[in-house]
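Asker: sequence first, predicted coordinates after that:
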Amino acid sequence: MKLSRAGVNSSHLGYCTNIHAGEQWNELLPLLQKHVPHVKQQTSPDAPFGLGLRASMASITSLKHPDALAEFKQWLRSTDVYVFTVNGFPYGAFHGTKVKADVYRPDWSSQHRLDYTCTIADVLAELAPPDNFGSISTVPGTFREWADTDTKAAIVRNLLSCVAHCMDVQRRTGVTIAVALEPEPACLLETVDDVIAFFENDLYAQASVHSLAKLTGINPSQAAIALRTHLGICYDICHAAVEFEDPLAGIQRMQSAGIPIIKLQLSSALRIPQVNQESLAALAAFDEPVYLHQVVEKCSERLTRYDDLPLAMQAHELQPSGQTKEWRVHFHVPVFLSTLPNFGTTQHDLARVLDAHARSPIAPHLEVETYTWDVLPMHLRNLPVGDAIARELAWVNDTLRTAEATVETA
């Protein structure tokens with residue numbers, strides 16, 4: 001939905017359909033037809049409703065077919081729904097099977113990732129996003145343990161090729177597509193420091209600018225502008241919180257470095273302020289086999305990172321007792337929850353970002369992304385999924401309204 005209120009009139013808000021389990025287009029479309037009108041009725045009954053589409057490679061390939069695309073566009077029109085962003089992170093299966101680190105495959109060193117993202121760009125342009133601007137969130141380069149010099153060089157080459165493709169899409173359709181790398185724990189781009197170093201030293205380097213200029217037949221000045229037009233960051237608030245980063249400071253640093261923040265993913269992580277036997281027993285309910293749940297541990301001022309929750313729990317058993325430790329766990333929980341039994345969430349960080357966005361827009365696209373619904377402990381799934389999505393969007397809207405009211409009375 002378009003946030004047309006004072007202060008946020010240039011932004012669009014929606015939810016990401018990666019919460020729905022359809023991997024093939026003929027599986028996903030019926031789920032959209034079932035859930036989206038219900039969520040729209042509760043959150044945006046009298047205005048167009050924005051959607052963040054998640055489509056696997058198989059799904060987006062099917063959707064690109066003219067008949068499938070025409071059918072989908074007709075359904076969007078008839079339900080007063082529009083697609084403004086696409087989650088192009090998971091390439092293949094994302095529900096009901098072990099995903100873990102395979103969610104990063106193929107990474108950006110692969111031609112398959114490039115082809116997938118370019119196909120999404122073609123389809124998104126055909127869907128005519130509002131303001132002639134669409135975004136695609138994607139993997140943060142690669143999983144960190146897979147990164148080496150050759151892999152990183154291939155990642156840069158493929159990202160430049162993707163920018164060239166987006167430039168061609170813009171020329172042909174008039175729609176600007178921006179690809180947004182999404183920093184995540186245990187990845188090549190993990191922290192704000194990683195982001196700034198990669199953009200300044202690799203993507204914005206003279207060699208990259210000249211490579212893009214040669215690839216597209218434009219001059220280096222135009223190429224430098226194109227890089228900042230078609231490539232940026234998807235800032236996931238859950239991921240930043242897991243890293244114990246101050247999200248507002250991180251946003252300011254990226255903005256100061258001239259790195260576009262194209263999309264904010266509105267999400268909340270698990271926070272365990274006191275790691276002990278009681279909290280670990282409760283946390284065991286979140287140790288599920290599908291997704292990677294990275295953990296960052298803070299002991300005094302030292303951070304220790306674990307690639308998955310079981311690794312952190314095993315390490316804790318081997319460490320001396322008596323140490324005061326806080327954990328942040330990469331497990332997206334509904335954004336309307338501020339606390340959970342035995343521990344909490346990082347909702348406060350998300351509220352701070354929304355407050356800042358209400359005062360001065362941070363990104364053109366905002367997307368609620370709680371894809372873990374199917375693997376949440378049962379006591380947190382006490383709503384139908386459509387009602388849970390609507391409640392998340394309502395919480396975001398209420399938080400923005402509260403922030404705006406504070407600005408107006410200041």
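Answerer: Nice, I can see it. Because the structure is predicted, anything quoted here is derived from the model rather than measured.

Asker: can we go C-alpha only for contacts and neighbour counts from here?
Answerer: Will do.

Asker: check which helices and strands the longest strand anywhere in the chain sits against.
Answerer: Scanning the chain for the longest strand, with DSSP state E as the assignment, gives strand 325-333. With contacts defined as 3 or more CA pairs under 8 Å, 6 or more residues apart in numbering; DSSP states H and E, the packing partners of strand 325-333 are helix 237-242, strand 268-272, strand 295-299.

Asker: can I get those in a markdown table including mean neighbour count?
Answerer: Putting these into a markdown table (neighbours: other CA atoms under 10 Å) gives the following:
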| stretch | mean neighbour count |
| --- | --- |
| helix 237-242 | 27 |
| strand 268-272 | 26 |
| strand 295-299 | 21 |
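
Asker: closest one to L383 among the ones you listed?
Answerer: strand 268-272 (18.1 Å; CA to CA).

Asker: which strands or helices does the closest one pack on?
Answerer: So strand 268-272, by 3+ CA pairs under 8 Å, 6+ apart, packs with helix 237-242, strand 325-333, strand 343-345, helix 347-359.

Asker: and the shortest one, which strands flank it?
Answerer: Spelled out, that is strand 343-345. Strand pairing for strand 343-345, using DSSP bridges, gives strand 268-272 (antiparallel), strand 339-340 (antiparallel).

Asker: least confident of those, on average?
Answerer: Note on the strands paired with strand 343-345: lowest mean pLDDT is at strand 339-340, with a mean of 92.

Asker: do a quick rundown of the helices in the stretch 101-250 of the chain.
Answerer: Along the stretch 101-250 of the chain, the stretches classed as helices by DSSP state H, counting those that start in this stretch are 111-126, 149-173, 192-198, 206-216, 220-230, 237-242, 247-256.

Asker: quickly, which of the helices and strands packed on strand 268-272 bottoms out on average pLDDT?
Answerer: strand 343-345 (a mean of 93).

Asker: which residues are contacting it?
Answerer: Contacts of strand 343-345 with the rest of the structure, by CA atoms under 8 Å, 6 or more residues apart in numbering, involve 268-273, 279, 333, 337-339.

Asker: recalculate using a threshold of 6 Å.
Answerer: Residues outside strand 343-345 that contact it (CA atoms under 6 Å, 6 or more residues apart in numbering): 269-272, 338-339.

Asker: among the helices and strands packed on strand 268-272, which is nearest Y371?
Answerer: Using CA to CA, the helices and strands packed on strand 268-272 put strand 325-333 closest to Y371, at 7.1 Å.

Asker: returning to that earlier point: the longest strand of the chain: how far from the chain's middle?
Answerer: Remark: strand 325-333 is offset 17 Å from the chain centroid, using CA atoms, centre = their mean, to the nearest Å.

Asker: sheet-wise, list the partners of that strand with their directions.
Answerer: strand 268-272 (antiparallel), strand 295-299 (antiparallel).

Asker: could you point out which element follows the first one?
Answerer: Right, strand 268-272. Note on strand 268-272: by DSSP states H and E, the next helix or strand toward the C-terminus is helix 277-283.

Asker: so which bits of that next one are buried?
Answerer: Within helix 277-283, the residues scored as buried using 16 or more other CA atoms under 10 Å are 280, 283.

Asker: can you pull the alpha-carbon coordinates of it into PDB?
Answerer: Output of helix 277-283 as PDB, limited to C-alpha atoms (Å, rounded to 0.1, in the frame of the first residue of the first chain):
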ATOM      1  CA  GLN A 277      19.400 -23.400  31.300                       C
ATOM      2  CA  GLU A 278      15.900 -22.100  31.400                       C
ATOM      3  CA  SER A 279      16.200 -19.900  28.300                       C
ATOM      4  CA  LEU A 280      18.000 -22.600  26.400                       C
ATOM      5  CA  ALA A 281      15.300 -25.100  27.200                       C
ATOM      6  CA  ALA A 282      12.700 -22.700  25.800                       C
ATOM      7  CA  LEU A 283      15.000 -21.900  22.800                       C
END
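
Asker: mind listing residues that contact that helix?
Answerer: N342.

Asker: ok, now stretch 46-57?
Answerer: Under the criterion CA under 6 Å, 6+ apart, residues 1, 14-18, 80-83, 85-87, 91-92, 116 lie in contact with stretch 46-57.

Asker: could you do stretch 148-157 as well?
Answerer: By CA under 6 Å, 6+ apart, the residues outside stretch 148-157 that reach it are 108-109.

Asker: how distant is that stretch from the center of its chain?
Answerer: So, by CA atoms, centre = their mean, the centroid of stretch 148-157 is 23 Å from its chain's centroid.

Asker: model confidence for the spatially closest residue to H165 that is not a sequence neighbour, exactly?
Answerer: Spatial nearest neighbour of H165, chain neighbours left out: C118 (6.6 Å); criterion: CA to CA, 6 or more residues apart in numbering. C118 is assigned 98 on the pLDDT scale.

Asker: re earlier: and the helices and strands packed on strand 325-333 as JSON lines, adding distance to P384?
Answerer: Output for these, formatted as JSON lines (distance: least, CA to CA, whole Å):
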{"stretch": "helix 237-242", "distance to P384": "23"}
{"stretch": "strand 268-272", "distance to P384": "20"}
{"stretch": "strand 295-299", "distance to P384": "29"}
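
Asker: thanks a lot, see you next time.
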